[in-house]
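Undergrad: the following block contains a protein sequence and its predicted model.
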Amino acid sequence: MPTASTYTYDVLVIGAGGAGLRAAIEAANAGVSVGLICKSLLGKAHTVMAEGGMAAALANNDDRDNWKVHFADTMRGGQYINNWRMAEIHAKEAPDRVRELEGWGAVFDRTRDGRINQRNFGGHRYPRLAHVGDRTGLELIRTLQDHTIYLGVTVHMEHTVIELLLDGGRAAGAVGYDRERGRFHIFAAKTVILATGGAGRAYKITSNSWEGTGDGHALAYRAGAELMDMEFIQFHPTGMVWPPSVRGILVTEGVRGEGGVLRNREGRRFMFDDIPDNYKPQTASDAEEGWRYTQGDKSARRPPELLTRDHVARCINREVKAGRGSPHGGVFLDIAWIKEKLPNAEEHIKRKLPSMYHQFKELADLDITKEPMEVGPTTHYIMGGIRVDADSQMSTVPGLFAAGECASGINGANRLGGNSLSDLIVFGKRAGEYASQYARANGQPRIDEGAADRAIAQSLAPFDRGAEGENPYNVQQDLQDAMQRLVGIVRNEAEMREALGRIRDFNERAARLGAEGHREYHSGWHTSIDVRNLLSVSEAITLSALERKESRGGHFREDYPEKAAEFGTFNIVVKQARDGSMQVSRVPIPPMPGDLKQAIEEQKT
Amino acid sequence: MKDRATFRIWRTQQGGGGGFRDYTTAVSDGMVVLDAVHRIQAEQAPDLAVRWNCKAGKCGSCSAEVNGRPRLMCMTRLSQVNLDEPVTLEPMRAFPPIKDLVTDVSWNFAVKKGIRKITPRTPDAPDGTFRVAQRDVDRIQEFRKCIECFLCQDVCHVLREHKKFDEFIGPRFFVYAAQLEMNPIDAADRIPDMKEKAGIGYCNITKCCTKVCPEHIHITDNAIIPLKERVVSRFYDPVTRLLHMLR
């Protein structure tokens, strides 16, 4: 077998963002041996990009908040097709998960009485996001990283997993390679936790880094697990649009939380023009009330800029398409205007939004304390992912767990800002806990060396074709163009059928990819492996989106622009059929217990 | 702005050594150095090795030396460099090369493990939470902005020229240690380690680290000098020494 080494663990965690690190911590504390694989260096995962904060009903800034309100907000944001049990667990456990971070070294912004400060965010009824300026993700990942390194977890940095290994249908480990030398390694494990994050690289305009290629989604799918809710992609309303090279990079919702407003080229605050009925009672009636809300006035209602992300993204899309956009095809996001309201606005903005100030100053040569930013929607997050058991996070494959963005359920049709970071720590912890239990209760599985050899041979095939093969970057770019154009913010049947045809073509081209030279840190070769995963994920997104003939949350169809009650009763699930094709089915949502129903009803006023 | 520019990129050879190779590629307004590297990678050199992630100055992966200066490639706009001459791109020279622009920074991860971790004092409230004023964390929040790009380590002459990797932890980890030392909830003592193990005495405050920090952390003034002062007052101040002896 052409592998350099075999490592053996009780729990193998794939991915070292917030969820993977939190899972590794929990497993290590449970006393089992833990291996942690990350595609980049430790501490560089996409979690660092999270800006606004982590949602938890600590009620530090508003004592009316509690888990029930958070639960109801999450369900409404998800348009009620969330896994309600996950939403419940998340709302109940997030406060403890946030609090324990302080003892691990996290330094949150403080309230006047010295507690963790919480900010307002879209879709959250009360100020709920524990934060550190606009770099909360960095704080989270660094805290977890610095906690993990003292726990005896073995970290394999810059390793990529190419296939999961199974033993009689049960997870048995993984095979992967190290980027540095291109050597293959076997990771034998009693349980595997996938925490690989998102798949934003399936789209052209995205806030995701090169790592977001849906690896966990595709690995789990190929191992026989089910993927759920794949039609729901979150297009964050505010990404940078200029200069072209930074198109898609995130502009935090925190800008709007601090009083930033959206305007079209005519200077109109267009968000006031289209407020969905179910949010009307909680939305400000004029600009003045919206401003008071952002300044912590508890009697004021939130400005329409803080409506859910899917809605804001579509409104921006509409303005741009109607020719009312900004010069580079976005709209204006203005925080500088608050100088009319605050005497020390410039300092205030720099203190509250330091990385945004920095990002625009250095990348766009623009001073956000003086001028409006240009922003437009960017592919940000995938609500869909591996279908898991709410309590344990185990997938439909025994011994295979998933947590964080690559798992599905908590967010339903749309995720609220701030629920992602708390999702990572709540369900990362649970995955680590239950995976450790599973590892203790089960023996070491057998490694299928034949399967590992086949996976290795397949991944090396591009070198056999060398320069004669297709350039993997070209296939990736063509796929991104097609998904952006055909399965983007606004979808329809004909375009998605066209996308399926394109994906078939890309699959054929992907079978002919070439790579030249040696395997050491070879980006082209790495891309050829990513492309395969992106293609599976893109197909899953498209097939699921075709199946959902309605508009809900992050999924909007111009041929079915309304929400349909019938579609609120099930989730869409894809699974690999015996013949290797992708099978789509509808899985009914179990009835919600009375107390949770009541929690939702109480918040509908 | 010119529409084409040449990049003189360090390419390693398998087995050791390496040299510069010129690549000319299309450039446009608003591009950063990393964009040019990506374009070269996609069109001319698919095996060109470069680390990157966020492309927004937040992850600290794409550290390199641009025209000899330690920089994040994603935050270096082409409008800031002279495109009339080839732009040289090299890996960080303080660390062992892996391939092309990628270096082996694993030493940094090993060093961190040697620093005493946070040891929280008794919480202030029965629910296990702390009460800490914002003004008491302002200064450590500056340190926690660090993105671990290791440019400060790359430029520090104690490491770069004198190779004191076994005796000196470098600016990044003085920032890390200072952040822990000044954390109002931490109860551990790292001052003896700063003197004995971290080699803080080697730093002669030339502030090179501060100059290259992409997060504009005042590494020397706010982290290293206060730590040096604590070491001095603990070990060299006669009154404090006497008090310690009497304790």
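TA: Thanks, I have it. Everything numeric here is computed off the predicted structure, so don't read it as measured data.

Undergrad: does anything pack onto the helix or strand hosting A:Ala439? Which helices or strands?
TA: Using DSSP states H and E, A:Ala439 sits within helix A:419-441. Under the contact criterion of 3 or more C-beta pairs under 8 Å, 6 or more residues apart in numbering or on different chains; DSSP states H and E, helix A:419-441 touches strand A:3-14, helix A:18-29, strand A:54-55, helix A:84-103, helix A:136-148, strand A:184-194, strand A:400-402. Backbone N, C-alpha and C define where each C-beta goes, glycine included.

Undergrad: the longest one: what's the following helix or strand?
TA: Same thing as helix A:84-103. Past helix A:84-103, the next helix or strand by DSSP H and E is strand A:118-119.

Undergrad: related to what we said a few turns ago, for the helix or strand following the helix holding A:Ala439, C-alpha coordinates in CSV please.
TA: Per DSSP H and E, the first helix or strand lying C-terminal to helix A:419-441 is helix A:449-465. Output of helix A:449-465 as CSV, limited to C-alpha atoms (Å, rounded to 0.1, in the frame of the first residue of the first chain):
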residue,chain,number,x,y,z
GLU,A,449,-7.0,-1.3,2.6
GLY,A,450,-8.5,-2.0,-0.8
ALA,A,451,-10.8,0.9,-0.5
ALA,A,452,-8.0,3.1,0.6
ASP,A,453,-5.9,2.0,-2.3
ARG,A,454,-8.7,2.8,-4.8
ALA,A,455,-9.2,6.2,-3.3
ILE,A,456,-5.5,7.0,-3.5
ALA,A,457,-5.3,5.7,-7.1
GLN,A,458,-8.2,7.9,-8.1
SER,A,459,-6.8,11.0,-6.5
LEU,A,460,-3.4,10.4,-8.3
ALA,A,461,-4.9,9.9,-11.7
PRO,A,462,-4.4,13.6,-12.7
PHE,A,463,-0.6,13.0,-12.6
ASP,A,464,-1.0,10.2,-15.2
ARG,A,465,-2.6,12.6,-17.6
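
Undergrad: got a list of what A:Phe360 touches?
TA: Contacts for A:Phe360 (C-beta atoms under 8 Å, 6 or more residues apart in numbering or on different chains) come out as A:Met240, A:Leu366, A:Asp367, A:Ile368, A:Met373.

Undergrad: does A:Ala494 belong to a helix, a strand or coil?
TA: helix (DSSP: H, G, I helix; E, B strand; the rest coil).

Undergrad: contacting residues for it?
TA: Neighbours of A:Ala494 in contact, by C-beta under 8 Å, 6+ apart: none.

Undergrad: which single residue of chain A ends up nearest chain B?
TA: Closest approach between chain A and chain B, counting by C-beta to the nearest C-beta: A:Pro243, at 2.1 Å.

Undergrad: number of residues surrounding that residue?
TA: 19 (other C-beta atoms under 10 Å in any protein chain shown).

Undergrad: and if you look at the one 5 residues further on?
TA: Around A:Gly248 there are 24 other residues, counting by other C-beta under 10 Å.

Undergrad: quick check, it in a strand?
TA: No. Counting by three-state DSSP, one finds A:Gly248 to be coil, located in no strand.

Undergrad: that one and A:Gly418, how far apart?
TA: For A:Gly248, the distance to A:Gly418 equals 21 Å [C-beta to C-beta, to the nearest Å].

Undergrad: and A:Val531, by the same measure?
TA: Where A:Gly418 is concerned, A:Val531 sits at a distance of 32 Å (C-beta to C-beta).

Undergrad: those two: who's more crowded?
TA: Legend: neighbour count by other C-beta under 10 Å for A:Val531 and A:Gly418, higher for A:Gly418 (31 against 23).
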